[in-house]
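>>> following is a predicted model, sequence given first.
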Amino acid sequence: MKKYLLLLAFIFTTISFAQTITSKKEDANPEQYALLQKVNQYYPDITLSKTVTNFYADGNIIDTHQEFDLATSKFSSYKIGIEPDNKKVLFEYVSDETGKVYGDVTIFKGNALRTTFSEKNNEINVALNGKSVYLKKLK
């Protein structure tokens with residue numbers, strides 16, 4: 001009996017949390033574009049693009065990505081994501097020159113705080129409004 005109750009609980013829990021997730025390629029909304037502009041102002045390696053792919057669940061944006069044509073770039077991979085609250089940009093790019101570089105830029109009280117991890121250089125860099133405030137080389 002206990003097994004049947006657990007099975008029923010699992011089934012009803014799974015059904016209640018089921019969501020339909022859809023994606024749509026569209027122009028960035030004003031808040032997303034303002035965030036990208038602010039980030040690009042201090043960190044030009046994070047590109048500024050009007051076109052994004054928004055992922056929706058139950059009509060709300062849950063994730064946003066930018067799409068890029070890598071054919072004419074120096075990157076073998078380049079990904080930009082925007083968090084739903086439009087306060088943080090996540091980035092990851094790979095090139096022969098830089099290796100894999102990833103991190104995020106958070107807007108905090110009007111300031112752009114960036115945390116960058118560089119696998120090729122084995123370093124962590126924290127920058128505020130485009131200026132490095134902490135650099136740590138890992139062994």
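Here it is on my side, so go on.

>>> tell me the buried residues in the helix or strand containing residue 113?
Per DSSP states H and E, residue 113 falls inside strand 111-118. Of the residues in strand 111-118, 112, 113, 114, 116, 117, 118 count as buried by neighbour count, 16 or more other CB atoms under 10 Å. Backbone N, C-alpha and C define where each C-beta goes, glycine included.

>>> ok, now stretch 123-139?
In stretch 123-139, counting by 16+ other CB under 10 Å, buried: 125, 127.

>>> average pLDDT across that stretch?
What stretch 123-139 shows for mean pLDDT is 95.

>>> any low-confidence regions in this structure?
1-19 (pLDDT under 70).

>>> biggest strand in it by residues?
strand 99-108 (DSSP state E).

>>> got the angle between that strand and strand 111-118?
Put simply, strand 99-108 runs at 160 degrees to strand 111-118, going by axes from the mean of the first three to the mean of the last three CA atoms, to 10 degrees.

>>> does residue 56 touch residue 26 like I think?
No - proximity of residue 56 to residue 26 does not meet the contact threshold set by CB atoms under 8 Å, at 10.6 Å.

>>> which of these two has more neighbours?
A side-by-side neighbour count of residue 56 and residue 26, using other CB atoms under 10 Å, places residue 56 first with 15 against 12.

>>> which residues sit against the helix or strand in which that one is found?
According to DSSP H and E, residue 56 maps onto strand 51-57. The contact list for strand 51-57 (CB atoms under 8 Å, 6 or more residues apart in numbering) reads 19-28, 32, 61-67, 82.

>>> may I see the buried residues of the next helix or strand after that strand?
Going down the chain from strand 51-57, the next helix or strand is strand 60-66, by DSSP H and E. Within strand 60-66, the residues that qualify as buried by neighbour count (16+ other CB under 10 Å) are 61, 63, 64, 65, 66.

>>> same check on stretch 38-54?
Applying 16+ other CB under 10 Å to stretch 38-54 flags 38, 39, 40, 42, 43, 46, 47, 52, 54 as buried.

>>> can you pull the contacts of the fourth one?
In this case it means residue 42. Applying CB under 8 Å, 6+ apart to residue 42 gives the contacts 105, 112, 114, 127, 129, 130.
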